[in-house]
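*Asks:* here is a sequence together with a model predicted from it:
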Amino acid sequence: MTAVEIPVPPIGRPTGWWGMLVVVLTEATLFALLLASYFYTRFRSPGAWPPDGQPDPRLLKPVIMTLLLMASSVTVYMAELGSRKGNLRRLHAGLAATFVLGLSFLILQGFEYHEKLAELRPSTDAYGSLFYTITGLHGSHVIVGLLILAWTQFFAWRGAYASENHVAVQVSALYWHFVHVVWLFVFFSLYLSPRL
Amino acid sequence: MRRRISGFGPALGRRTPLATGAVLLLTLVAAGCGENDQSTLAPKSSASDQIARLWWVMLVASAVIFGVVLVLLFVAVLRRRGAEPATTKGGGLWIPAIGGIAIPVVVLTALFALTLRTLPKTSPAAASATGLTIDVVGRQWFWDVSYPDKDVRTANELHIPVGVPVNVEVSSADVVHSFWVPELNRKIDMIPGQVNRVTLEADRAGVYRGQCAEFCGLQHAHMAFYVVAEPRAAFDAWLAREAKPAPAPATPELERGQQVLLGSACVYCHTIDGTNASGKIGPDLTHLASRRSLAAGLIPNSPGYLAGWILDPQHVKPGNKMPATDLSGTDLQALLAYLESLK
Amino acid sequence: MATDVQRLERSWAEPAGLLAWIGTVDHKRIGTRYLVTAAVFFAAAGVEASLMRAQLARPDEHLLGPERYDQVFSMHGLTMIFLFVTPMLSGFGNYLVPLMIGARDMAFPRLNAFGYWVFLAAGLFMYSGLVLGKAPDNGWFNYAPLSIQPYSDGPNIDFYAIGLLFLGISTTVGAVNFIVTILKLRAPGMSINRMPIFCWAILATSISIVFAIPSLSVAAGMLELQRSWGFHFFDTAGGGDPLLWQHLFWIFGHPDVYIIFLPAVGIVSSIVPVFSRRSLVAYDWVALATMATALLGFGVWVHHMFAVGLPQVSLAFFAAASTIIAIPSGIQVFAWLATMLKGRPVIRTPFLYVLGFLVSFVIGGLSGVMFAAVPFDQQVTDSYFVVAHFHYVLFGGAVFPIFAGIHYWYPKITGRMLDERLGQASFWLVFVGFNLTFFPMHIAGLLGMPRRVYTYPAGMGWDVYNLLSSIGAVVLVVGILVILANLVQARFLGEAAGPDPWLANTLEWTTSSPPPPYNFARIPVVRSADPAWDGVSGPSDLVLPEGHQTPATMPLEGDPAAALEMPSESLVPLAAAVAIALICVGLIGDLDWLAVAAGVATAVVLAFWHSPREAGPLEPAP
């Protein structure tokens, strides 16, 4: 009878990480298709873009929002590093900072919407529909990310993530990086590309 | 295996499939000899002929390939049977290599080449290379046909001169429909906000039936039309008649009939050129009496059917957009007489 | 060792009682649930088909008016594709994949249960539309603008859009589970090129799902936003484009046919070697062809749109791609033929159904290749010729393998043999009935009969072919009833099967029928692709009797990596599914408060689900 040895400590990535990776791939595809629909609609429309005399989207808030998310990817990476090395202070600080940065992103997006809805609504035309659907779906993913971060932070405070068992932090970080990267594509497509 | 069961041999005699096949083939070829035919295998134009030829070539090739697979299957299952032991030996790669890669690559390349050759012959010719343009707008559930150069508008019927390539430009006023006259050419979808084109060129005079080929709602099944190909002189005469406004009513009964029409809801949807009826939602009725059918190929164009249609369209074509019209006996007769005069 | 196995029995024993039965996370029980539920939906779709064939048996028939007929044909397609064939194959995957790879369960057992409950709820949701007389009525591909106001006013299409968004969750989590399970939970020594082709098929299918379902979700989401909140995506008046729907739908829709086809031919690749008494010829090529089909499947979607007026260069590109995709299928067909030719075939019911599949699928595949010839496609698309084609590849290419799989694995699942004579009788009835139903449709289509018509006029030359189809449908139904009778009688009267009635080559046959909850008392070590035949693969000394554990291995080589703690039965997955179902009810019933409250409830349940478990040291470090 063959002997089989299970390595201790275990090797390889946790199944939870693989699962989140696949989820990230499928959600990323969602956004890729939405952006493809945006460009499809744009290149099928005659005339100027944005259509109907709409101005190009203003850049100030979105640029700040982009910087906020970029910073938050760094902080969540610090958190993950902290949990891997058993540095709980870094873990807590990293998670908290990420949460604050993410929340600031949403608040800014709220202000942006408030301003924009006065001149463009989803029901105005396909441009409006696509703009709000894409940014709105991204915003929902940020909200979910904040909930995940809060939940992870809650259990981190309760000491659940010793260095051998921190798959939850890894998975939260992976999701958050995805949220950040999608935003870069959204920012480029919706805010920068009409100006090119 | 624990139990031995009897083997199995071919389920049918060898000759039966051949005989059946021959009968089917004959049926296919013999089809397309009447006015109500919509057969892709009864081509009446060069374009549909090209497609039919492509079909026959592919059918023969498919039959050969299928035959080879059947033979291999029969050989495989009729060999010596055994139960154990199973073998894990390798080998046999040459079979999928040849059957799955080499031969398909050759056959598929040939098919693709044939496709590239046929495609230009069924694609729309440049408008300048055609002799005539007809606009067809699909609507739930009829065909709004117009000849833009001649200010002619009719419904559910196209007339074209024989031997002349005709540029048909199609679109839709509501949902996606599809313009399909199999005996003359491939189908082309009618999409709102877009103009698509197809070229029709009939080899010989005749009446060719077409039908909507994209599900468009409740009465998709009853959205047919006719393409009438006629000699140049006859076509020109038809076009000239269509370009004229409706004849003025010549008798008191016809006068009465016109009044009934103008006084009822008909005018909201229908146009009769030369009168105040100028509704654009429904088919143009200016020359209704000259058409072969009513309700988009559903019923013959005769007074009895026309009466039934006017009084209760929902009974004839449930779900269509025409409401019932309540008319007294004399009003109905007068209206029918007037409509019958719109030649 | 004996006490080890006793401890294993204790830790894996499932408690009795209704709640434990409902809350099971055992892949075998969940898999069986999928199979049975999918079979019920198959029956429903079969009734719908029978109504259609009754209505079309003769011209100008009046059994079903257009409104009813449109709902029936739409539900037939939706049910067959979304509620029968994919879940049925998912059921096979669920039951078999852990067994075939030597694992004790799927990677995420609670997620597995969740996927099933969502499938059941989504199916019931869509059928509630039918019960209300407001079922989707615009076909399974539901083109715009017919799908939006003002052309579609009632809730019919909302049942479609919300239902598919809901169901998509089940399909997606199933794919996540299969991918991680296949990559991480294979038995020690089962490198990726030693796993059964069926597992390759499930892997390829799941990867396909990951990238294809979002397209349907985007389309359905946009559709619902347009219908309920006045957004503009598909209407030209609002600056949108009806063709956007078509592209998004078919970017999902074409890969979907491979999502259906690949697991089915995975079943074929399981059965052919066993009944040919020989290893599968060209295993490597078949595995690659499986992955290649899934990949190429994303490059051909426009062939569903050849008639919409696209530029010639697009037509040529997609025609080329559609021609190329025939090649991996051809490789598989000839690999099977080679296996049979070089083997010594034994004819039993599973093998008969595989033969039926081969004949039908080759016909369907050949007619499919004809569609790559663009001008021919442009004549016969949207006619009964395409209806014939896709039934040959879907019924021939998926349902025959499913029937084969049912007859092959029934003994494993229930421990009893089906009756061989009933099995063979059912095959001939199904084979003759199927061909009689669908072959004449090729001819009706060539003679110009469009599809999705609730009736047709006499005198078009279509009458006899429609009548033949309707007669064939009766024969087909009888055949299926014989299968059902066989399944039922065997449950009570079937001969005991034992662990390996077919003398087969894969791991599921090395444990009892039915398997114990832990599948394998000793984790197997695998040294080839035919572990039950090679004489060197077999049980190892690894029992993992503590807790509820299965080993994890490295994705490519199959080297041992960790021991994974598996969860026990839980009602949380059901609660999550119910919460999401209530969101859907709130959306379709225009009850915003319900949708929001259910949304909050969903978040709470999910948070509860994802609380860290007690067992600390078992999660591996990166």
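*Replies:* Right, received. Where do you want to start? Only a predicted model underlies this, so the values are computations on that prediction, with no experimental measurement involved.
*Asks:* which phi and psi does the closest residue to chain A within the stretch 1-150 of chain B have?
*Replies:* The nearest approach of the stretch 1-150 of chain B to chain A comes at B:Thr88, 19.2 Å away (Cβ to the nearest Cβ). (Glycine included, C-beta is placed from N, CA and C.) Per-residue torsions, B:Thr88: phi -100, psi 20 (degrees, to the nearest 10).
*Asks:* count the neighbours of the closest residue to it other than its chain neighbours for me.
*Replies:* Once flanking residues are discounted, B:Thr88 sits nearest to C:Ser279: 4.6 Å by Cβ to Cβ, 6 or more residues apart in numbering or on different chains. Counted by other Cβ atoms under 10 Å in any protein chain shown, the residues lying close to C:Ser279 total 24.
*Asks:* ditto for C:Leu493
*Replies:* Using other Cβ under 10 Å, C:Leu493 has 10 other residues around it.
*Asks:* confidence score at it?
*Replies:* Looking at C:Leu493, its pLDDT stands at 96.
*Asks:* and it, its phi and psi?
*Replies:* Dihedral angles for C:Leu493 - degrees, to the nearest 10 - are phi -110, psi 0.
*Asks:* now swap in the one 4 residues further on and tell me
*Replies:* In this entry, C:Ala497 is assigned phi and psi values of phi -90, psi -30 (degrees, to the nearest 10).
*Asks:* contact partners for the closest residue to it other than its chain neighbours?
*Replies:* Setting aside the residues directly before and after it, C:Ala497 is nearest to C:Pro411 in space (Cβ to Cβ, 6+ apart), at 3.5 Å. Listed by Cβ atoms under 8 Å, 6 or more residues apart in numbering or on different chains, the contact set of C:Pro411 reads C:417-418, C:494, C:497, C:501-502, C:513.
*Asks:* ok but C:Pro411 is inside a strand, no?
*Replies:* No. Looking at C:Pro411 with DSSP: H, G, I helix; E, B strand; the rest coil, it is helix, so not inside a strand.
*Asks:* chain A: strands as residue ranges?
*Replies:* Ranges of strands in chain A, per DSSP state E: none exist.
*Asks:* for it, which spans come out with low pLDDT?
*Replies:* Where chain A drops to pLDDT under 70, the residues are A:162-165.
*Asks:* helices of chain B, start to end?
*Replies:* B:15-30, B:46-78, B:94-95, B:103-122, B:232-243, B:252-263, B:266-269, B:303-311, B:313-316, B:329-340 (DSSP state H).
*Asks:* verify the stated contact: C:Val453 with B:Leu218.
*Replies:* No. With contact defined as Cβ atoms under 8 Å, C:Val453 does not reach B:Leu218; the gap is 11.3 Å.
*Asks:* more crowded one of these two?
*Replies:* C:Val453 (23 against 20).
*Asks:* measure how buried the closest residue to that one other than its chain neighbours is and give me the count.
*Replies:* Nearest residue to C:Val453 in three dimensions, chain neighbours excluded: B:Ala221, at 3.6 Å (Cβ to Cβ, 6+ apart). Per other Cβ under 10 Å, the neighbour tally for B:Ala221 reads 23.
*Asks:* okay, B:Ala221 and chain A: tell me how far apart.
*Replies:* 32 Å (Cβ to the nearest Cβ, to the nearest Å).
*Asks:* that residue: what's it in contact with?
*Replies:* Counting by Cβ under 8 Å, 6+ apart, the residues that B:Ala221 touches are C:66, C:450, C:452-456.
*Asks:* which parts of the stretch 351-500 of chain C sit against chain B?
*Replies:* Applying Cβ under 8 Å from any Cβ of the partner chain, we find that the stretch 351-500 of chain C lies next to chain B at C:352, C:355, C:358-359, C:362-363, C:366-367, C:369-370, C:372-376, C:378-383, C:420, C:428, C:443, C:446-457, C:459-461.
*Asks:* spatially, which two of the contacts of C:Pro411 are the most separated?
*Replies:* Pairwise distances across the contacts of C:Pro411 peak at 14.7 Å for C:Gly494 and C:Trp502 (criterion: Cβ to Cβ).
*Asks:* quick one, phi/psi of the closest residue to chain C within chain A?
*Replies:* Nearest residue of chain A to chain C, counting by Cβ to the nearest Cβ: A:Pro10, 3.2 Å away. When read as degrees, to the nearest 10, the backbone of A:Pro10 gives phi -60, psi 160.
*Asks:* mind naming the longest helix for chain A?
*Replies:* When chain A is parsed with DSSP H, its longest helix is helix A:126-157.
*Asks:* close to chain B, is that helix?
*Replies:* No. Counting by Cβ under 8 Å from any Cβ, chain B is not contacted by helix A:126-157; separation bottoms out at 11.6 Å.
*Asks:* so what pLDDT did the residue of the stretch 1-150 of chain B closest to chain A get?
*Replies:* The model reports B:Thr88 with a pLDDT of 87.
*Asks:* how near is it to C:Leu280?
*Replies:* In this view, B:Thr88 and C:Leu280 are 10 Å apart by Cβ to Cβ, to the nearest Å.
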